[in-house]
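Undergrad: with the input below, show me the fold.
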Amino acid sequence: MTTSTLRRAPVATRTTAAVALAAGLTLTGALTTNASAETLPEPGTSAAYYLQQQLEAGGSHFSLETDFGTSVDYGVTADAVLALAAAGTGQAEARQATDYLAANVVNYIGFGDPNEIYAGSVAKLVNVALVQGLDPSDFGGTDLLGTLQSLETETGRFSDDSQWGDFSNTFGQSLALIGLERAGIEPSPESVAFLGEQQCPGGGFQLYMDDSPCTDAANSDPDATALAVQALIAVGGPADSIEAGLDFLASAQGADGGVGGGAPQTAPNANSTGLAGQAFVAGGRTAEAELAGAYISGLQYGCTFPDALRGGIAYDPAAYAVQEAAGAEATPIDQDRRSTTQALLALAGTPLFEVTAEGAADTAPAPTCASEPGPTGTPTDEPTDGAAPTAAPIVTGPVVETDLPQATSIPVSALALAGLLVLAGGGAAAATARRGAHR
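TA: Presented below is the predicted three-dimensional model:
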């Protein structure tokens, strides 16, 4: 790529944002949904503990329960590995999960068919391997790097190799660029340009890629934009495109810090806010990143919830209220796991292209409750015992991101069609599973 066209964002800009976030959030209003969140000393570490426990309970992976049975959720499992590395802890379980992914490469990247290869899944595993310090050219006996490079077309698009069609999207394209850059392989100018063509008027990026430049602002997807912005920063993409993408995300952020996703999940939620928050960190938008962290911290299950839920992060205020109403009967659900994996990315304060498990702790400590929670509605920026305000701190690991993205693409086979119907269905569970259709 030529430096006259593609300019790498200054490292100092990204580092400044991460340092500012690591110092802790400064909450400015009573926007906290979780009245007991302040009793969890470190929201990031507590969220990591929740994921660590959930992975252990699931046999070092996550599964999705549907009306059609139980299936392994490789995409969210990979996201959890990235999130734990971003938090700088939980590596004993993260390594087990990584081993599980390595042993099931074909099941993830091709639904068990060695002749089916989905670009987004390959790209995500490349990042998992690199973050964990493993060789992506020999991950579970598979050359993920070579496979990813073989999927790039003449236009620069990383496309699926499938009898069912090409379901590749902006998530996979972004992860591919980040993975190649991290592996020391300069992405082709065509691949960077192809990602740039997915940017719509107004700065947002469309999720479903087209061989022609996006011309309709209505196609903009905040989740896709958050990952595309990080990819462009990682490879030194055009500064004007990066800033336009960040401006779009900022315009999508509400006063409470929440960011909604693409249709039909346009209301603010922890998943989309987690991705946007990480993009804000990468782009040096500290104020917006702090707001995103505040929104997420307000959805974290605190000391009034059963032990199994503490540290987890609800999808949105409505989902939080459902678990709160369940009281002692509240139990971990798939939606919470998905929300926590992506929300933790913003709490960690590290861009995906800088996440590494190197130096991370083996075990995340269990959350401790040092004080009784205040009355419902007490904001976390107000002291409850005369002490100085304790705004929810962001925990950073050593110097992760792809809400990170779930399974990247789904073939239209009889088995996959059943999964598509579940993901496209209504209700809270289907809403939080939205990303399963494009990650």
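
Undergrad: which element is Leu291 on?
TA: helix 286-297 (DSSP states H and E).

Undergrad: where in this protein is pLDDT low?
TA: 1-39, 41, 370-439 (pLDDT under 70).

Undergrad: go again with 80.
TA: Low-confidence segments of the chain (pLDDT under 80): 1-41, 263-265, 370-439.

Undergrad: in the helix holding Leu291, what's buried?
TA: 286, 288-297 (16 or more other Cβ atoms under 10 Å). Where C-beta positions appear, they are placed from N, C-alpha and C, glycine not excepted.

Undergrad: and if you look at stretch 179-197?
TA: 179-183, 187, 191-197.

Undergrad: do a quick rundown of the strands in the stretch 201-350 of the chain.
TA: Using DSSP state E, counting those that start in this stretch, the strands found in the stretch 201-350 of the chain span residues 259-260, 268-269.

Undergrad: can you put those in a markdown table and add distance to Gln91 and mean neighbour count?
TA: Formatted as a markdown table, those follow (distance: least, Cβ to Cβ, whole Å; neighbours: other Cβ atoms under 10 Å):
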| stretch | distance to Gln91 | mean neighbour count |
| --- | --- | --- |
| strand 259-260 | 29 | 26 |
| strand 268-269 | 28 | 25 |
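
Undergrad: turn those into CSV, including distance to Ala103.
TA: CSV is the format used below for these (distance: least, Cβ to Cβ, whole Å):
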stretch, distance to Ala103
strand 259-260, 35
strand 268-269, 32
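
Undergrad: out of those strands, which comes closest to Ala48?
TA: Closest of the strands of the stretch 201-350 of the chain to Ala48 is strand 268-269, at 20.1 Å (criterion: Cβ to Cβ).

Undergrad: what packs against the closest one?
TA: Contact partners of strand 268-269 among helices and strands, from 3 or more Cβ pairs under 8 Å, 6 or more residues apart in numbering; DSSP states H and E: strand 259-260.

Undergrad: same for the strand it packs on, what does it pack against?
TA: So strand 259-260, by 3+ Cβ pairs under 8 Å, 6+ apart, packs with helix 239-252, strand 268-269, helix 270-282.

Undergrad: what about it, distance to the chain center?
TA: The chain centre lies 13 Å from the centre of strand 259-260; the measure is Cα atoms, centre = their mean, to the nearest Å.

Undergrad: can you tell me what sits against that strand?
TA: Contact with strand 259-260 is made by 222, 249, 252-253, 266-269, 272-273, 275-277, 292, as judged by Cβ atoms under 8 Å, 6 or more residues apart in numbering.

Undergrad: and those, which of them are buried?
TA: Using 16+ other Cβ under 10 Å, the buried ones in the contacts of strand 259-260 are 222, 249, 252-253, 267-269, 272-273, 275-277, 292.

Undergrad: let me know the closest of those to Leu130.
TA: Of the buried ones among the contacts of strand 259-260, the one sitting nearest to Leu130 (Cβ to Cβ) turns out to be Leu275, at 19.3 Å.

Undergrad: check contacts around Ala78.
TA: With Cβ under 8 Å, 6+ apart, Ala78 has these contacts: 101, 108, 124-125, 128, 404.

Undergrad: on that earlier part again, among the buried residues of stretch 179-197, which are in helices?
TA: 179-182, 191-196 (DSSP state H).

Undergrad: now for the buried residues of stretch 179-197: which two are most distant?
TA: Of all pairs drawn from those, the one with the longest distance (Cβ to Cβ) is Ala183 and Glu197, at 23.8 Å.
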